[in-house]
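Visitor: A structural model of the following input is requested.
(2 chains)
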Amino acid sequence: MYQYTEVDQTLVDERVEQYRDQTRRFLAGEIPDEEFRALRLMNGLYIQRQAPMLRVAIPYGLMSSVQLRQLAHIARTYDKGYGHFTTRTNIQYNWPTLESVPDILAALAKVQMHAIQTSGNCIRNTTTDPYAGVNANEIEDPRPYCEIIRQWSTLHPEFAYLPRKFKIAFTGGPEDRAASQVHDIGLHIVKNDAGDVGFEVLVGGGLGRTPVIGKVVNPFLAKEDLLSYLEAILRVYNLNGRRDNKYKARIKILVNALGVDKFRALVDAEWEHTRGELKLTDAEIERARGHFSPFDYQGDAVKNDLNERLATDADFRTWYETNTRAHKVAGYQIAVVSLKPYLQPAGDVTDVQMDAVASMADQFSGGEIRSTHDQNLVLADVREGDLYALWQQLVEQNLARPNIGKLTDMIVCPGFDFCSLANARTLNIADQINEKFEQVDYLHDIGDITVNMSGCINACGHHHVANIGILGVDKKGEDWYQITLGGSSAADASLGKVLGKAVAADDVANTLDKLLTTYIAIREGNESFLDTVRRTGLEPFKESVYAPAH
Amino acid sequence: MPLLINQQLAENDKWQTLTDAEQPLPAAGAVLLPLERFTAAQAEAGSLELAPLVNGDDDINVVLEQLDQLTLVGIEISAFTDGRGFSFARILRRAGFKGQIRALGDVSQDRLAFLTRCGFDAFDIPAERYSNEIANAFGEISVNYQASSDEPRPIYRRD
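Guide: I've put the predicted structure just below:
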């Protein structure tokens, strides 16, 4: 993985001291509240319902065991012993004090980490495929380009006060595990007719109040033009994005208002100025790629006892079938660490679990861990012969629930219990769903499905792009939940459609039960829930939920 | 209000800023005028030296068209959250402007370094936001990755 240069290290070290001084001046009354708010947000610090919340960047979701141990240390020392992985593949701490944040940032800098631009109206952490570099269908590993973007966007002097936040996602091939079509910019590695590898560029996707699928602004961008083109988009957005209404300030609103053709013309005109000076050199691309060279895979990994283990241990087999994915190298597997245990908040992980996963990574997966946009962790390079031992350790840490891609693998924002923006609680509803659908056989019969939940219209839980989306709304002081069906964040991205009127808090799991019973009754063959909804439309599902009882 | 030019406190400044549309032009001297009034006043300027004061809603192309006649461009930052001025300065420098680019309005310590990187070289700082430590802002981060007005090459194209 990427190792800091002297410049990278100097930057994060000096940034810590800069923020320490800003905190000191704020506490001394020298910086007004509003202005300090912008400064702390650009260092990932929110003030939430209970306490400050610090969001730490995990660039493109990749960390080393050393870094994960440091995250555990921070959870233990400055928080209440846990952290929360987010849909931007970052980690959040919910209980640090404002005064301790400079020390936390210093602890992060020691292991080549930071919290720069994890919030605020600036360019956020670029996310990518958690299976980057190890899945067979990818055209090229996107992470070197993510790192190139990380450097370009970090403390970019011109784009620190954008109209609104700005998120970029990158995929390395035709499969999309990064929800790239609902990002401000989605970048896809593609091959053109001439066989050259470059990027398809989507712009103006997003969730929130106005969910939009991104539009193609450039079908094939040469690699060397990556930053010059991004800089042109950002400059056009910085100058033309709306600043009068924060709900209309994202780039999706600008792209929709102008139309993608006019937007493209503005970008192309600006690009004429930037494409010379910002052209990526071959040496720079090679330097970045050099940090992500494939592991030293062993040919003898194919000789292992996996089949015997699968034949003799049913629990292991269930976990293997659900929580591992094919690796591009024979004899290896991608193992997903479920952060969705029974009746625990999605994405939460204790210091003890973090230390344990770090050790497992050292033992079984080259000392690297990835975080996913659906709030799990991944050990990407596990020898098949090590899977049984890995599984046993995961079981011991309550990290082996066989539910990856299944109903209880929900994306859930922290909701009203923690977040000051939320209108409704989410964690209690997630528990209710977990209690209702505890039975593994039933979950596996339902098959692959995504259920996402947000506690307010800001849609941090990505409910718009879930097969079943759940949105918490406040009605006269009571929590109600609006259900959407048919969304997807994969390559066939689509926005869910509203099922009907919102359901009461204690009726959410029952409603899901009706939807799933209907699905099982009307599915054809091995048809997934999403495919069934796409085939039949919402009508049969509406009827099952809203028809008067006979 | 304290004025920093090239990171130093400037004592004498000839420029007078006239934002009140009712206030008549002086007979002589150097005057910074909102872009619309600046455009209208040029014909009758006489011995007055004029400079435009643009805000984020103005069209920077109007200034670009007459850049070779200007010695100063003022950029009004109406709120610290308004980042358009950063891009304006970049565009002016890119067009070859060698005169002064002065930030006015909501200008304070924690934006000075980025503003400087984008091409600003003068800052009109509200008195209540000025302190003797303010120049510390320029040295806090000593490294950068991006091409900008102060360094035309991104880090990967530097020697």
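
Visitor: tell me the residue of chain A that sits nearest chain B?
Guide: Nearest residue of chain A to chain B, counting by CB to the nearest CB: residue A:161, 3.0 Å away. Where you see a C-beta, it was placed from the backbone N, CA and C, and this is true even at glycine.

Visitor: please tell me how far the residue nearest to that residue when sequence neighbours are not counted sits from residue B:27.
Guide: Distance criterion CB to CB, 6 or more residues apart in numbering or on different chains; nearest residue to residue A:161, sequence neighbours excluded, is residue B:83 at 3.0 Å. Distance, residue B:83 to residue B:27, using CB to CB, to the nearest Å: 38 Å.

Visitor: neighbour count: these two, which is higher?
Guide: Taking other CB atoms under 10 Å in any protein chain shown, residue B:83 and residue B:27 do not tie; residue B:83 has more neighbours (26 against 8).

Visitor: who touches the spatially most central residue of chain B in this structure?
Guide: Chain B has residue B:102 as the residue nearest its centroid, 2.1 Å off, counting by CA atoms, centre = their mean. Neighbour list for residue B:102: B:15, B:32, B:72-75, B:120-124 [criterion: CB atoms under 8 Å, 6 or more residues apart in numbering or on different chains].

Visitor: go again with 7 Å.
Guide: Residue B:102 makes contact with B:72, B:74, B:122, B:124, according to CB atoms under 7 Å, 6 or more residues apart in numbering or on different chains.

Visitor: same check, this time on residue A:319
Guide: Taking CB under 7 Å, 6+ apart, we find residue A:319 in contact with A:391, A:400, A:402.

Visitor: adding distance to chain B, write these out as a markdown table.
Guide: Converted to a markdown table, those look like this (distance: CB to the nearest CB, whole Å):
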| residue | distance to chain B |
| --- | --- |
| A:391 | 42 |
| A:400 | 41 |
| A:402 | 43 |
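
Visitor: make a markdown table out of those residues and add pLDDT, neighbour count and secondary structure.
Guide: As requested, those are exported to a markdown table (pLDDT from 0 to 100; neighbours: other CB atoms under 10 Å in any protein chain shown; DSSP: H, G, I helix; E, B strand; the rest coil):
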| residue | pLDDT | neighbour count | secondary structure |
| --- | --- | --- | --- |
| A:391 | 98 | 23 | helix |
| A:400 | 98 | 23 | coil |
| A:402 | 96 | 22 | coil |
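
Visitor: what parts of chain B come near chain A?
Guide: Proximity of chain B to chain A (CB under 7 Å from any CB of the partner chain) is limited to residues B:80-84, B:86-87, B:90, B:94, B:108, B:110, B:114, B:117-118, B:131, B:140-148, B:152-157.

Visitor: write the ChimeraX selection for whichever of these are buried.
Guide: To isolate the buried ones among the residues of chain B next to chain A in ChimeraX, judged by 16 or more other CB atoms under 10 Å in any protein chain shown, type:
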select /B:80,81,82,83,84,86,87,90,108,110,114,117,118,140,141,144,145,146,147,148,154,155,156,157
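
Visitor: strands along chain B, start to end?
Guide: Under the criterion DSSP state E, chain B carries strands at the ranges B:3-5, B:8-9, B:15-17, B:30-34, B:49-55, B:72-77, B:100-105, B:122-124.

Visitor: closest one to residue A:176 among the ones you listed?
Guide: Residue A:176 lies closest, by CB to CB, to one member of the strands of chain B: strand B:72-77, at 39.5 Å.

Visitor: enumerate every residue touching the residue of chain B found nearest chain A.
Guide: The nearest approach of chain B to chain A comes at residue B:83, 3.0 Å away (CB to the nearest CB). By CB under 7 Å, 6+ apart, residue B:83 lies in contact with A:160-162, A:238.

Visitor: okay if I get those residues as a markdown table plus pLDDT and neighbour count?
Guide: Formatted as a markdown table, the contacts of residue B:83 follow (pLDDT from 0 to 100; neighbours: other CB atoms under 10 Å in any protein chain shown):
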| residue | pLDDT | neighbour count |
| --- | --- | --- |
| A:160 | 97 | 20 |
| A:161 | 97 | 23 |
| A:162 | 98 | 26 |
| A:238 | 98 | 25 |
